[in-house]
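Participant: Return a 3D structure for these sequence lines:
(one chain, ligands or ions: 1)
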Amino acid sequence: MNALTLPDIAAQASRQALPLDWVGMCGIALPILIDGQRLSAKVDAGVSLDDGEARGIHMSRLYLALERLEQEDLRPALLRQVLQHFLDSHEGLSGNAYLRIHVDLLLKRHALVSPLAGWKTYPVSIEARLENQMFHVELKIDVTYSSTCPCSAALARQLIQQQFVDDFGNTSLQHADVLAWLGSVKGIVATPHSQRSSAQLHIHLNNQQPILPLAELIDNAEAALGTAVQTAVKRADEQAFALANGQNLMFCEDAARRLNLALQRSAAVNAFHLKVVHAESLHAHDAVAESRWTRAST
Ligand SMILES: Nc1nc2c(ncn2[C@@H]2O[C@H](COP(=O)(O)OP(=O)(O)OP(=O)(O)O)[C@@H](O)[C@H]2O)c(=O)[nH]1
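Facilitator: Predicted coordinates for the structure are as follows:
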């Protein structure tokens, strides 16, 4: 038996003539290359089925077209070529093509003080589409950071002041006593709450963008937030992190505004929707802020 004698159900006519928006495969395992680094990705590949009379698309053609993503560094031009291949292999059936690549980007991060470094993962989705002959690339990136509540910090400071009044109210101050008091538990009788927080960035890239500026966008977001979560940490690094948090008090609204301004400054970004989630240790629920922006000239 050869291929010519195998039944081909996809080539049959559909019983219900109806076009479909997206048909393809989700969760295809693929080793991809980003900035020369080999990463394990899950890929969703699809096309529109515009010919409502056709029973099905040709899944194997989409699957085989993904092979190029294994061989070449990921960049917008490559995504476009793969999408065009999807359409060329479905001539007469499909007008739109879609790719979603889910990957944990790995970036090496240096410690704040000690000469150490460690790896951090950033969940990323790269979504590309050729729709009505227009090519679009969108990036979804998650960045984790630490946030300390400014209100809680002010309330804690007030309690520390009260403790100071209680302990030193009617005594003449001796430098050594105050220094010892500051180093005791009473000197920090209350602590503000802080939390591991996440920024979910959904970015529409500029169509002329020759590369996927993933590391650059993440670096800019972390710089704007100020207290990204750390990798390798010695006590000196932990102390520097405590100081950084104390100088970087923020509500979720502050974080959303800082990220908004940082993303607007990036020439690679045409539009974005961002969401920050502060997983509060004060409550069992989260504090959340969202922000959108579109470049005026687009
Ligand atoms: N269209 C479609 N194919 C499916 C589905 N589930 C599994 N497949 C299988 O995907 C396989 C590959 O499909 P095709 O690309 O049409 O395979 P082919 O006919 O050998 O390849 P071509 O000659 O290039 O058309 C077939 O064996 C289908 O049965 C489905 O839900 N829809």
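Participant: Please report how far the residue nearest the centre of the chain lies from the ligand.
Facilitator: Of all residues in the chain, the one closest to the mean position by Cα atoms, centre = their mean is I141, 1.6 Å from it. Relative to the ligand, I141 is positioned 32 Å away (Cβ to the nearest ligand atom, to the nearest Å). Yep, even glycine has a C-beta here, placed from its N, CA and C like the rest.
Participant: What helix or strand is the closest residue to T227 other than its chain neighbours located in?
Facilitator: Spatial nearest neighbour of T227, excluding adjacent residues (Cβ to Cβ, 6 or more residues apart in numbering): S146 at 4.4 Å. Element membership of S146, judged by DSSP states H and E, is strand 134-148.
Participant: Buried residues of stretch 200-214, list them for me.
Facilitator: Of the residues in stretch 200-214, Q200, L201, H202, I203, H204, L205, N206, Q209, L212, P213, L214 count as buried by neighbour count, 16 or more other Cβ atoms under 10 Å.
Participant: Would you double-check that the second one falls in a strand?
Facilitator: Just to be clear, that refers to L201. Yes: applying DSSP: H, G, I helix; E, B strand; the rest coil, one finds L201 inside a strand.
Participant: which non-adjacent residue is nearest it?
Facilitator: That would be I141: by Cβ to Cβ, 6+ apart, it lies 4.6 Å from L201.
Participant: List the residues that contact the one you found.
Facilitator: L105, Y122, P123, V124, Q200, L201, I203, L214, L217, I218, A221 (Cβ atoms under 8 Å, 6 or more residues apart in numbering).
Participant: do F241 as well
Facilitator: L112, S146, T227, Q230, V233.
Participant: Quick check: bridge partners of the second one?
Facilitator: If I follow you right, that is S146. R196 (DSSP bridges).
Participant: Give me the local confidence score for it.
Facilitator: In this prediction, S146 carries a pLDDT score of 97.
Participant: distance of it from Q12?
Facilitator: S146 is 58 Å from Q12, where distance means Cβ to Cβ, to the nearest Å.
Participant: Show me which of the two is the more surrounded one.
Facilitator: More crowded of S146 and Q12, by other Cβ atoms under 10 Å: S146, with 20 against 12.
Participant: hang on, isn't that one packed against N245?
Facilitator: Yes: between S146 and N245 there is a contact at 5.8 Å, judged by Cβ atoms under 8 Å.
Participant: which residues are in contact with both of the two?
Facilitator: S194, T227.
Participant: In this structure, where is pLDDT below threshold?
Facilitator: Applying pLDDT under 70 to the chain picks out residues 1-4, 298.
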